[in-house]
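K.L.:
Show me how the following folds:
(one chain, ligands or ions: 1)
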Amino acid sequence: MLNEKMEKALNEQINRELYSSYLYLSMGAYSSSIGLSGFTHWFKVQVKEETIHGMKIFDYINRQGGRVRLKEIKEPPVEFGTPIEMFRKTLQHEQFITRSINDLVDLARSEKDETTASFLQWYVEEQVEEEENDKEIIDKLKIAGENKEALSALDAELAKRLPPKDEEESI
Ligand code: FEO
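P.N.:
Modelled structure (predicted):
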């Protein structure tokens, strides 16, 4: 069972995950507006990932007999600058999410809620992957520099991103 404090903190995390989804949807729209359809595809896959992250917590709260309380999702920015600036913002956002997951783990431990601390381990590992993905793309964008052909090749590569593996079982 979840205590009130833990339930509130998990509900706040649902909001952060759904905001992440909204933020990446906006980045996808922006990518399309600057002619990078592969980037748009990459962000659309990321939108699904983030929805799954939110839904896993939604399911967990319900399974623990808690109450999901959805809050307003704030409006994301519309403009994101150059592709590398956009991915730096993506990485910064993921680092913020990593910190929020770590805070949740700390809270679960201080509340002696082993079940939730164990549930959150999936997120701890997922965040390593999330940050790694962004860093890899930033590195490729650094190498591409001002070279339009290299940017176009990266756009084609990002167009091949596969949908999340656990999409069906989580939603
Ligand atoms: Fe759900 Fe990208 O962290």
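K.L.:
C-alpha only now, for contacts and for neighbours.
P.N.:
Will do.
K.L.:
Quick check: residue 51 vs the ligand, distance?
P.N.:
The span separating residue 51 from the ligand equals 8 Å under the rule Cα to the nearest ligand atom, to the nearest Å.
K.L.:
Excluding chain neighbours, give the residue nearest to the most centrally placed residue in the chain in space.
P.N.:
Taking Cα atoms, centre = their mean, the centroid of the chain lies closest to residue 50, which sits 4.5 Å from it. Spatial nearest neighbour of residue 50, chain neighbours left out: residue 21 (5.1 Å); criterion: Cα to Cα, 6 or more residues apart in numbering.
K.L.:
Give the full set of residues in contact with that neighbour.
P.N.:
When contacts are counted by Cα atoms under 8 Å, 6 or more residues apart in numbering, residue 21 is found next to 46-51.
K.L.:
and if you look at residue 26?
P.N.:
Per Cα under 8 Å, 6+ apart, neighbours of residue 26: 76-78.
K.L.:
Specify which member of the residues you listed is nearest to residue 68.
P.N.:
Ranked by distance to residue 68 (Cα to Cα), these are led by residue 76 at 22.9 Å.
K.L.:
Could you count how many residues lie near the closest one?
P.N.:
Here the number of neighbours of residue 76 (other Cα atoms under 10 Å) works out to 15.
K.L.:
Please tell me the pLDDT value assigned to it.
P.N.:
Predicted confidence (pLDDT) at residue 76: the value is 98.
K.L.:
Which positions in the protein make contact with the ligand?
P.N.:
Residues of the chain found near the ligand (Cα under 6 Å from any ligand atom) are 17, 50, 53, 94, 97, 130.
K.L.:
same thing but 5 Å
P.N.:
Counting by Cα under 5 Å from any ligand atom, the chain comes close to the ligand at residue 50.
K.L.:
Check the gap between residue 146 and residue 140 for me.
P.N.:
Distance of residue 146 to residue 140, given as Cα to Cα, to the nearest Å: 12 Å.
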